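1. What follows is a predicted structure for the sequence shown.
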Amino acid sequence: MNLESTVTLSNGVKIPQLGLGVYKVAQEEAKETVSTALDLGYRHIDTASFYGNEREVGSAIAESNIPREEIFVTTKVWNDEQGYAETIKAFERSLDKLQTDYVDLYLIHWPVPGKFQDTWKALEDLYNQGRARAIGVCNFQEHHLEKLLETAEVMPVVDQVEFHPRLYQKDLLDFCSAKDIKLEAWAPLGRARYLDSPVLQSLAEKHNKTPAQIIIRWGLQHGIVTIPKSTRRKRQKENADVFDFELSPEDINEIDEMDRNERQGKHPDEFPYD
């Protein structure tokens, strides 16, 4: 494995397993953040309409001199843009800001009650037109996915959810694996709120790595697509320096047992959609 290593989604599209997320990266630093990551070898950038930095992400990619087809770009439709017609318009806005004529992965950002099925129909049409190479969802629990699959004609290939050692959503991971849906982690480091955990500290010492690197490697070995965020070159480099060691099954189990069902963000059933 290396920074350009990919996993293959159920529709055959290859996605780099480690990428850069740009949630809460301010417009004034987003372009430099993405440019730095691309210079370090990152080839997977995850943004969203809601983040407000698609234009800067697009500029960084356009000015990178890296062929567009070598960079995997994800964006998402926000809650107040959902519904069939609204989603198509939102997608057009995202393409314009990203300065591209397609995205590699287009996601429903949250399962807005009463809307996400119509929104999915729009994503299916965009996919069938070749304007999104792959489509999926974010923050869907099992019951949301079951509801979606009642009417879906195209299977979602990704479910991007909060996933880290203290929120090891094993039931959801198993459900998605059975449906050939790849789980992708946002907040994969738990927003750095428990890097001083004795388990992580011990494993970091054992492998001569940082606790953050231990967590990232744990996610990768679980087959999770992982998108840590950092605006700093040093930290981006550190996050990518996880391919020269391997956690043992015992190490993995120790980290699994850190689970507390502890969220850093909202539970999808409690999100303030109104």
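-> Looks like it came in fine. Here the structure is a predicted model, which means the values were calculated and not measured.

2. So residue 169 sits against residue 160, correct?
-> No. With contact defined as CB atoms under 8 Å, residue 169 does not reach residue 160; the gap is 11.9 Å. For the C-beta atoms, the positions are set from N, CA and C on the backbone; glycine is no exception.

3. mind listing what's buried in stretch 137-148?
-> Residues of stretch 137-148 classed as buried by neighbour count (16 or more other CB atoms under 10 Å): 137-141, 144-145, 148.

4. Next step: those restricted to helices.
-> The helices, defined by DSSP state H, take in 144-145, 148 from the buried residues of stretch 137-148.

5. a markdown table for these, including distance to residue 2 and pLDDT?
-> Compiled in a markdown table, those are given as follows (distance: CB to CB, whole Å; pLDDT from 0 to 100):
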| residue | distance to residue 2 | pLDDT |
| --- | --- | --- |
| 144 | 34 | 98 |
| 145 | 31 | 98 |
| 148 | 34 | 98 |
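
6. any weak-confidence spans in the stretch 51-200 of the chain?
-> Scanning the stretch 51-200 of the chain for pLDDT under 70 picks out no residues.

7. And the strands in it, which stretches?
-> 72-77, 105-108, 135-138, 158-162, 182-186 (DSSP state E, counting those that start in this stretch).

8. Any chance of the ones you listed in JSON lines with distance to residue 32 as columns?
-> Shown next, in JSON lines, are the strands of the stretch 51-200 of the chain (distance: least, CB to CB, whole Å):
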{"stretch": "strand 72-77", "distance to residue 32": "18"}
{"stretch": "strand 105-108", "distance to residue 32": "24"}
{"stretch": "strand 135-138", "distance to residue 32": "26"}
{"stretch": "strand 158-162", "distance to residue 32": "25"}
{"stretch": "strand 182-186", "distance to residue 32": "22"}
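
9. out of these, which comes closest to residue 202?
-> Set against residue 202 and scored by CB to CB, the strands of the stretch 51-200 of the chain come closest in strand 182-186, at 22.4 Å.

10. Adjacent strands (with direction) for the closest one?
-> The pairing partners recorded for strand 182-186 under DSSP bridges are strand 158-162 (parallel), strand 225-226 (parallel).

11. Please work out which of the ones you listed is packed deepest.
-> strand 225-226 (a mean of 27; mean count of other CB atoms under 10 Å).

12. just checking, next helix/strand downstream of that strand?
-> Counting by DSSP states H and E, the next helix or strand C-terminal to strand 225-226 is helix 233-240.

13. Sort out which residues of that next one are buried, please.
-> Using 16+ other CB under 10 Å as the test for burial, helix 233-240 gives 236, 238-240.

14. got it, and stretch 36-44?
-> 36-38, 42-44.

15. Make JSON lines out of those residues and add pLDDT.
-> As requested, those are exported to JSON lines (pLDDT from 0 to 100):
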{"residue": "36", "pLDDT": "98"}
{"residue": "37", "pLDDT": "98"}
{"residue": "38", "pLDDT": "98"}
{"residue": "42", "pLDDT": "98"}
{"residue": "43", "pLDDT": "98"}
{"residue": "44", "pLDDT": "98"}
